[in-house]
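1. Okay, predicted coordinates and the sequence, questions at the end:
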Amino acid sequence: MMGGVPQPLRAMGAATAVILGGIFGLSLASSVAVRAIRAAADAKRKIVALPCGVCRGKGFYICKLCKGNSTIQWSPLYDPVAINPCVCPTCDGNRVQKCLNCLGKGYD
């Protein structure tokens with residue numbers, strides 16, 4: 001065959017594609033299985049778990065830095081000449097932050 005790919009190289013390419021495809025398929029199947037097992041365990045835990053005592057089962061609470069105001073008074077100088085209102089870095093202006101006790105799940 002003139003100008004074509006030699007037979008040994010074509011066979012090696014096909015074998016490589018089959019092996020890499022198998023590895024990808026196995027990886028995809030295992031990640032789906034792990035995610036399903038984790039979701040089932042999380043659903044079971046949610047049924048029997050007590051609600052979080054800090055956020056009372058909501059998963060969020062009012063931002064402790066800005067106290068729900070969405071802005072803080074900030075000045076870059078030690079002895080401030082002018083104090084500027086800035087967006088709260090903890091809640092990004094959303095006025096609530098994720099519960100650090102339950103990590104936003106709502107239960108312990």
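-> Structure received. Residues are numbered from 1 along each chain as shown.
2. quick one: low-confidence parts of this protein?
-> Applying pLDDT under 70 to the chain flags residues 1-3.
3. all helices for it, in order.
-> 7-48 (DSSP state H).
4. Give the burial count for residue 95, as a bare number.
-> 16 (other CB atoms under 10 Å). Glycine gets a C-beta too; all of them are placed from N, C-alpha and C.
5. That one contacts residue 62, correct?
-> Yes: using CB atoms under 8 Å, residue 95 is in contact with residue 62, at 6.8 Å.
6. what do these two both touch?
-> residue 68 (CB atoms under 8 Å, 6 or more residues apart in numbering).
7. surely residue 52 meets residue 104?
-> No: contact status for residue 52 versus residue 104: not in contact, 9.4 Å apart, counting by CB under 8 Å.
8. higher neighbour count, the two?
-> residue 52 (20 against 14).
9. Torsion angles phi and psi at that one?
-> phi -60, psi 130 (degrees, to the nearest 10).
10. Same check on residue 79?
-> The phi and psi values for residue 79, taken as degrees, to the nearest 10, are phi -110, psi 90.
11. what sits against residue 99?
-> 52, 54-55, 58-61, 106.
12. where's the spatially closest residue to it that is not a sequence neighbour relative to residue 87, distance?
-> The shortest distance from residue 99 to any non-neighbouring residue, by CB to CB, 6 or more residues apart in numbering, is to residue 55 (3.9 Å). As judged by CB to CB, to the nearest Å, residue 55 and residue 87 stand 23 Å apart.
13. ok, those two, which is more surrounded?
-> Per other CB under 10 Å, whichever of residue 55 and residue 87 has more neighbours is residue 55, with 22 against 14.
14. measure the more buried one to residue 100 for me?
-> Separation of residue 55 from residue 100 (CB to CB): 9 Å.
15. Also residue 49?
-> From residue 49 to residue 100 the distance is 17 Å (CB to CB).
16. No further queries at this time; thank you.
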